[in-house]
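Asks: please find the sequence and the predicted model below.
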Amino acid sequence: MPRYLGVMSGTSLDGLDIALIEQSDHPTLLATHYLPMPTELRAELLALCASGPDELARAAIAEQHWVHLATQGIKTLLRQSGLQPSDIRAIGSHGQTVRHEPARGFSIQIGNPALLTELTGISVISDFRRRDLAAGGQGAPLVPAFHQALFDDGRSRRAVLNIGGFSNLSLLEPKQPVRGFDCGPGNVLLDAWIQRQQGQSFDRDGAWAASGQVAPLLLQALLRDPFFQTQGPKSTGRELFNLDWLDRHLTSLPAFALEDVQATLLEMTAHSITDALKAAQKDTEQLLVCGGGAHNGALMARLAQLLPACKVSSTADYGVPPDWVEAMAFAWLAHCCLEGIPANRPSVTGASGLRVLGAIYPA
């Protein structure tokens, strides 16, 4: 059976996830490896998400550092698995998103796939979003087709929720095309606020949020953003939801305790997800959660409270660890590209039709 590697670094910029899968009728996770994002590289990638001086040169240098980090992780995983580069059919590399503006017709992921091929000796498939964008789609989210392949049991009305920097839903109904869309911020504002106020990279288990009280005035103001009022297809990123966006709301309202802001941001994330799910797929029976947000106990508890008739649980309960679903998805997307299998879904992105995604860099 062919083996593929998936390399994923998301909008949270915490590190690189690398997953090794075997693809038969069903993708099977064989091994994983995680590398924390070096502090300087994380800062530069974050800075590249906004306009700045000498962007083109800085992006080119940053993606070289990113590729060297990915190569290090790939070689470690292969060594630990007793495999050679020739044992891997291809690497599916998402790269690092630095801009996502589908309304303007582009989404930019840096990750120099040609260099990754040279350094690993393995064929690389990358640039998954651009073909969907060219066909009039959002270019995101790309994972719903994979979520369907992995989690659709053909009987249950399920939703798969990925909570990374941003959150996205995949809606699985028996005998229906998969649907999906971005819901809004996942961890991005929670992480940014605690980083600013406490110097911590994230709110472990949602403990700081749980110590505060939700501020109704702030919550209502945040949820009035037009993004939350629209139905899919839709996608978003740091271009819209960032600390400047939050600060604009905070300066127009009375002062709040710092922990109350964190509590309100968690409540906004929970409501943006559950409101979108209720509107798009009534009577959802099971919500399968993956991504870093699956480890946020306060957020998971709030999702369960807001969806009392739905079983809310980690994808681990369905046989797949939540931290590795996204990296697995890009390994699977590499398989689809090489086999000529369309992997976008017009019902998700709004593209004019099915398309084979990805550009091939042969070893």
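Replies: Sure, I can see it. Treat the numbers as computed from the prediction; the structure is a model and nothing was measured.
Asks: the nearest residue to A309 once chain neighbours are set aside and S156: what is the separation?
Replies: Leaving aside its sequence neighbours, A309 sits nearest to D283 (CB to CB, 6 or more residues apart in numbering; 7.4 Å). (Each C-beta comes from the backbone N, C-alpha and C, glycine too.) Taking CB to CB, to the nearest Å as the measure, D283 falls 11 Å from S156.
Asks: looking at these two, which is more packed in?
Replies: The neighbour comparison of D283 against S156 (other CB atoms under 10 Å) goes to S156, with 14 against 9.
Asks: would it be right to say that the more buried one lies in a strand?
Replies: No - under DSSP: H, G, I helix; E, B strand; the rest coil, S156 falls outside any strand and is assigned coil.
Asks: next up, the contacts around it.
Replies: L172, P174, E285, Q286 (CB atoms under 8 Å, 6 or more residues apart in numbering).
Asks: need the strands for the stretch 201-350 of the chain, in chain order.
Replies: 286-290, 311-314 (DSSP state E, counting those that start in this stretch).
Asks: packing partners for the first one?
Replies: In terms of contacts (3 or more CB pairs under 8 Å, 6 or more residues apart in numbering; DSSP states H and E), strand 286-290 is packed against strand 158-163, helix 297-306, strand 311-314.
Asks: let me have those in a markdown table, extended by distance to G232.
Replies: Putting the helices and strands packed on strand 286-290 into a markdown table (distance: least, CB to CB, whole Å) gives the following:
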| stretch | distance to G232 |
| --- | --- |
| strand 158-163 | 13 |
| helix 297-306 | 19 |
| strand 311-314 | 21 |
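Asks: picking that back up, now for the contacts of S156, which pair is the farthest apart?
Replies: Comparing all pairs in the contacts of S156 by CB to CB, the longest separation belongs to P174 and Q286, at 12.6 Å.
Asks: shared neighbours of the two, anything?
Replies: Joint contacts of P174 and Q286 (CB under 8 Å, 6+ apart) are S156, R157.
Asks: which one's more surrounded, the two?
Replies: Neighbours were counted for P174 and for Q286 using other CB under 10 Å; Q286 has more, 18 against 11.
Asks: that one against C310, yeah?
Replies: Yes - contact criterion CB atoms under 8 Å: Q286 and C310 qualify, at 6.6 Å.
Asks: circling back: hmm, R158 and the residue nearest to A309 touching each other?
Replies: No - if you go by CB under 8 Å, D283 and R158 don't touch, sitting 11.3 Å apart.
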